[in-house]
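Trainee: Model the structure of this input:
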Amino acid sequence: MRKYIAFIITCLFPTIIFSQVYKQRLDSIKSERYDESIMQWNDASKSNLTYNTDGLLTNYRYSYWDTNTQEWFIYYQRTFSYDSNGNCTERIHDSWQIDTEQLLSIKRQEYSYDSNGNIVQLISYNLDANQQLDLSYKESYTWNSDNNLIQKYEYLWDTTTQQWTNANQDTLIYNANGVLIEFVREKWDEDVLQFVDENEDEYIYDTYGNRIEKIRSIWWQGQWRRQYQRKSTYDNAYSYNELILPHQPQINIFPYFMYDSTYTKVGFKHKMVFGSVQRWANNQWNDEGIANYYYSEQQLPTTIIKPRETNVVIYPNPSSNFIIFDLENPTSTTVELYDTQGKLICTQSLSADKKLAVGHLPKGVYFYQLQDTNKRYSGKIVVK
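Mentor: Residues are numbered from 1 along each chain as shown. Reported below is the predicted structural model:
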């Protein structure tokens, strides 16, 4: 059950809010795989997540189910470090060694960011037997003015030439509202010395803005062929802001979690509780795997929240025509409007007049989320 305790003191000075919030924290994921020979679901893997007091993921441990011994075995774990802004700066990958029955660090990744907190580069190293670093691969990222990732490049380290070589090129395509609708990957072909099609993803959303389906197709023998689809189910009683989840660049650790295909924005607005994967074969979708997500309620420490240095004034409110979001020194501002059920009503980039038309909306209470570069604000408006 969600609980909120808030005391608001309003005077001539800036508002101070004493708040105590309960959030849902993702603690574990358990997946199962479908066995066609016996037509039943069997345990496949489980993941356990550990966070620090700031709600940042510090450890992710992945285990698999051994069908012979009927026991869970550790396969690998990943640990994360952060800077003062909460950006992940390092990830260590430890693999379970059967002979020594211990975890051994075999990979290290380092991340760098731009002034908006967007990841711009990843460098990955292999760790040798002496725990010395050897370059492995690199990724670079390009973002547009709306802070949407539009391009990612992957490079492999050539130990002979001691240079980076092309590997993959990813392109992300958005609709007019800034929602990701397509992801295209091209791989480098040394024979023709250019990038060629490899795979593409198509994304489908529900009316609340949750990504409910991803369809993967591969380029094969001169045409696109379906490969698999991933589907997700949500509990709309909890919005994204009421969840404690891993963030970039940890997001690629989940087999069914509906983040974008690379380190960018999440593809859902509410609490994900279930995921599934189906493979395309014999002209139909066939069950392959499912995953259940398990959360626990967490009470965040009592805090004193003061307004940001950049303030936003909302007027007229209530309104029957338009709302003005008077933000100081805006750069690239987007507003999302939700009804009281959590349904996304609209997403709009604010123009120079800073107006959002509301005259076409039914009378009632609505909630907004205002994003300006790396700053986010939220509140309530009333349409009369």
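Trainee: How far does stretch 133-152 sit from its chain's centre?
Mentor: 15 Å (Cα atoms, centre = their mean, to the nearest Å).
Trainee: what about it, how long is it end to end?
Mentor: 24 Å (Cα to Cα, to the nearest Å).
Trainee: buried ones in that stretch?
Mentor: Neighbour-count burial for stretch 133-152, with 16 or more other Cβ atoms under 10 Å as criterion, is recorded at L135, S136, Y137, K138, E139, S140, Y141, W143, N147, N148, L149, K152. Placement of C-beta: from N, CA and C, glycine included.
Trainee: before we move on, what about stretch 171-188?
Mentor: Buried-residue list, stretch 171-188, by 16+ other Cβ under 10 Å: T171, L172, Y174, G178, V179, L180, F183, V184, R185, E186, W188.
Trainee: ok, these vs S319, which is closest?
Mentor: G178 (24.5 Å; Cβ to Cβ).
Trainee: That closest one is in contact with I150, isn't it?
Mentor: No - counting by Cβ atoms under 8 Å, G178 does not reach I150; the two are 11.1 Å apart.
Trainee: From K363, how far out is A44?
Mentor: Between A44 and K363 the computed distance is 50 Å (Cβ to Cβ, to the nearest Å).
Trainee: Looking at these two, which one has more neighbours?
Mentor: Counted by other Cβ atoms under 10 Å, A44 and K363 do not tie: A44 has more neighbours, with 18 against 10.
Trainee: ok, of the buried residues of stretch 171-188, which one's closest to I92?
Mentor: Ranked by distance to I92 (Cβ to Cβ), the buried residues of stretch 171-188 are led by R185 at 26.6 Å.
Trainee: That closest one - that's part of a helix, no?
Mentor: No - under DSSP: H, G, I helix; E, B strand; the rest coil, R185 sits outside any helix and is assigned strand.
Trainee: per-residue confidence for it?
Mentor: R185 is assigned 96 on the pLDDT scale.
Trainee: State the distance from it to I150.
Mentor: Note on R185: its distance to I150, by Cβ to Cβ, is 14 Å.
Trainee: ok, now S276?
Mentor: 29 Å.
Trainee: Could you do Y125 as well?
Mentor: Going from Y125 to I150 by Cβ to Cβ gives 27 Å.
Trainee: Tell me the strands beside the lengthiest strand in the chain, with direction?
Mentor: As assigned by DSSP state E, the longest strand anywhere in the chain is strand 16-35. Strand 16-35 has the following strand partners under DSSP bridges: strand 4-9 (antiparallel), strand 40-51 (antiparallel), strand 243-244 (parallel), strand 284-299 (antiparallel), strand 303-305 (antiparallel).
Trainee: can you pull the buried residues of it?
Mentor: Applying 16+ other Cβ under 10 Å to strand 16-35 flags V21, K23, Q24, R25, L26, D27, I29, K30, S31, E32, Y34 as buried.
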